[in-house]
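> Got a sequence here, can you model it:
(one chain, ligands or ions: 1)
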Amino acid sequence: MKMTTILNDRYQQDEVLSAVLSAGSVLLFGHVSPDGDTLGSVLALKLRMERMGKKVQAMVDGFVPSYLTFLPGSEAVMAADAVPEAFDLAIAVDVASADRMGKCEALFAAAEKTAVIDHHGTNPGYAQINMIDEHAPATAILVYRLFQHMDMAMTKDEAICLYTALSTDTGNFIYDSTNAESFAMMSGLMEAGLPLADYSRRLFRQKEEPHVRLLVEVLPGLRVIADGKIAGLRLNQQQLQRAHANGGHCEGIVDYAIDLRGVGMAYFAREMADGRIKVSMRALEPYAVDKIAARFGGGGHKLAAGVTLDMPMDEAVQTIENALCEAL
Ligand SMILES: [Mn+2]
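Numbering: from 1, shown residues only. Just a heads-up that it's a prediction; the model follows:
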């Protein structure tokens, strides 16, 4: 495969490779509210490094969402309050800033040797070794590049992890970030025996009953404003409980707002157990929501960003709608 040469002092691929080779034990960290890319990339690395004879542990502040429990090795991911065995190297995977490790941040910071593998342009490079490429559509792409520099054939389980990571971060290969390298990597995963039909169905077609019951609660509250250019949805704790759902079941709900024809920006506001309001925002070019999220202390990408607001639902929705209208 043709490899792109990245002239970027934050792209320390060789340094990550040699750190991995010389480490006897590794602790991998994902980000809070773990998604397909962070978990898939962490678990692919875990499987590979175990085959290299290393002792590997993985740790995340937050639960593995139920739609990702099929990932090989996901049952071994430790919670933030676990006490890991001693390790030589800490690697943060798909973690844009150190505080995105949540309660694991202190453990990472105290490690003797640290590395980060990430694709967020906002990543300041907070580790000793930083392998960051903001042009990669998923962290999984960077992990795949690392694997290509190891003299080992890919296993089916590694392929399943990397496919999960890449496909979820590209919205099943439809986001603008999807590039030729994504498909070159898919070719490699298929050669490794990826059961594509089975896993694409698990990830993109199957719905859990609480998710569908959430739609029944949420969709009647659809708001369309600004001449149809902005749409929004909201969910309170009572509705969440009626649907027997949890936060993980909310994945994808914001798409019902952004997928309305004519809509350029959308939000989904949900009340969390502590009363704060978590807002997911989406935009279509030429609109962007990253600056709006940043203004209120959140983060993310131009077309997908999020923020948590410490105010009642009505006020949070009004605040976000005002900001979105302003950005139009
Ligand atoms: Mn990612």
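> For residue 204, list the residues it contacts.
167, 172 (C-beta atoms under 8 Å, 6 or more residues apart in numbering). For the C-beta atoms, the positions are set from N, CA and C on the backbone; glycine is no exception.
> Now the phi/psi pair for the residue lying closest to residue 118 once chain neighbours are set aside, please.
Excluding its sequence neighbours, the residue lying closest to residue 118 (C-beta to C-beta, 6 or more residues apart in numbering) is residue 132, at 5.1 Å. Backbone torsions for residue 132, taken as degrees, to the nearest 10, come to phi -130, psi 130.
> do the same with residue 279
Dihedral angles (degrees, to the nearest 10) for residue 279: phi -110, psi 120.
> beta partners for it?
residue 269, residue 307 (DSSP bridges).
> I figured it was touching residue 266, is that so?
No: Residue 279 is not in contact with residue 266 according to C-beta atoms under 8 Å; the separation is 10.6 Å.
> The residue nearest to residue 118 and the ion, how far apart?
Plainly put, residue 132 is 12 Å away from the ion if you go by C-beta to the ion, to the nearest Å.
> Now do the nearest residue to residue 95 once chain neighbours are set aside against residue 99, distance only.
Nearest in space to residue 95, with sequence neighbours left out and distances taken as C-beta to C-beta, 6+ apart, is residue 31 at 4.5 Å. Distance, residue 31 to residue 99, by C-beta to C-beta, to the nearest Å: 10 Å.
> swap in residue 53?
In terms of C-beta to C-beta, residue 53 sits 33 Å off from residue 99.
> The stretch 201-328 of the chain: helices as residue ranges?
Using DSSP state H, counting those that start in this stretch, the helices of the stretch 201-328 of the chain run over 209-218, 237-242, 255-258, 290-295, 313-327.
> before we move on, back to that, between residue 53 and residue 99, who's got more neighbours?
Neighbour tally, residue 53 and residue 99, criterion other C-beta atoms under 10 Å: the higher count belongs to residue 99, 11 against 7.
> Just to check, residue 309 is in contact with residue 276?
Yes: counting by C-beta under 8 Å, residue 309 touches residue 276, with 6.6 Å between them.
> neighbour-wise, which of these two wins?
Neighbours were counted for residue 309 and for residue 276 using other C-beta under 10 Å; residue 309 has more, 19 against 14.
> Can you give me the domain boundaries for the protein?
The chain is divided into the following domains under automatic domain parsing: 13-204, 209-327.
> Look up the closest residue to residue 144, ignoring the ones flanking it.
Closest to residue 144 by C-beta to C-beta, 6+ apart is residue 185, at 4.9 Å.
> List the residues that contact that neighbour.
140-141, 144, 162, 166.
> If we use 7 Å, what do you get?
141, 144, 166 (C-beta atoms under 7 Å, 6 or more residues apart in numbering).
> so is it in a helix, a strand, or just coil?
Applying DSSP: H, G, I helix; E, B strand; the rest coil to residue 185 yields a three-state assignment of helix.
> From here on, call the first residue 24.
Okay, using 24 as the starting number, the last item reads as residue 208.
> any idea how far it lies from residue 71?
In terms of C-beta to C-beta, residue 208 sits 15 Å off from residue 71.
> ok, the residue in the stretch 224-351 of the chain positioned nearest to the ion - how many residues close by?
Nearest residue of the stretch 224-351 of the chain to the ion, counting by C-beta to the ion: residue 324, 9.3 Å away. For residue 324, the count of nearby residues is 21 (other C-beta under 10 Å).
> hang on, isn't it packed against residue 314?
No: using C-beta atoms under 7 Å, residue 324 is not in contact with residue 314; the gap is 11.2 Å.
> Could you check how many residues crowd around the residue of the stretch 24-173 of the chain found nearest the ion?
Closest residue of the stretch 24-173 of the chain to the ion, C-beta to the ion: residue 60 (3.4 Å). Residue 60 has 28 neighbouring residues, counting by other C-beta under 10 Å.
> What residues sit buried inside the strand or helix carrying it?
If you go by DSSP states H and E, residue 60 is part of helix 59-74. Across helix 59-74, burial judged by 16 or more other C-beta atoms under 10 Å covers 59-72.
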